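Asker: Got a predicted structure plus its sequence, pasted below:
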Amino acid sequence: MRLDKYLKISRLIKRRTVANEACDAGRVSVNGKPARASYDVKVGDVVEIALGTHPIKAEILSINEYAKKEEAGQMYKIIL
């Protein structure tokens, strides 16, 4: 699954266009490297999003094409 789509479905970022723009601006990195929106995410990848004042770092636990609001929080684990 594409990185921008994963960010939207997991609700880490609200809209896919915002996720795409964040990737293009270099604000999203996967495993410590800047990632493009077309990056193919895998289980175990660590995604870091630098939007606003507090960066978010999350490990991907599962990949689903569709997720309800309750399921979205189980797709990743926040790393402090």
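Answerer: Looks like it came in fine.
Asker: Span of stretch 3-21 from start to end?
Answerer: This stretch, stretch 3-21, spans 12 Å end to end (CA to CA, to the nearest Å).
Asker: Would you mark the buried spots in that stretch?
Answerer: By neighbour count on 16 or more other CB atoms under 10 Å, the buried set for stretch 3-21 is 3-10, 12-13, 16, 19-20. Where you see a C-beta, it was placed from the backbone N, CA and C, and this is true even at glycine.
Asker: Filter the residues you listed down to just the ones in strands.
Answerer: Members of those lying in strands (criterion: DSSP state E): none.
Asker: for the residues you listed, which one is nearest V30?
Answerer: L3 (6.9 Å; CB to CB).
Asker: pretty sure that closest one is touching K33, no?
Answerer: No. Counting by CB atoms under 8 Å, L3 stays clear of K33, with 11.9 Å between them.
Asker: for this protein, what helix or strand is lowest in average pLDDT?
Answerer: Ranking every helix and strand in the chain by mean pLDDT, DSSP states H and E puts helix 69-72 at the bottom, with a mean of 84.
Asker: Let's see that one as CSV, backbone CA atoms only.
Answerer: Taking C-alpha atoms only, helix 69-72 is exported to CSV below (Å, rounded to 0.1, in the frame of the first residue of the first chain):
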residue,chain,number,x,y,z
LYS,A,69,-12.5,4.4,13.1
GLU,A,70,-12.2,1.8,15.8
GLU,A,71,-9.8,-0.4,13.7
ALA,A,72,-7.6,2.5,12.6
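Asker: Can you give the contact residues for it?
Answerer: The contact list for helix 69-72 (CB atoms under 8 Å, 6 or more residues apart in numbering) reads 9-11, 64.
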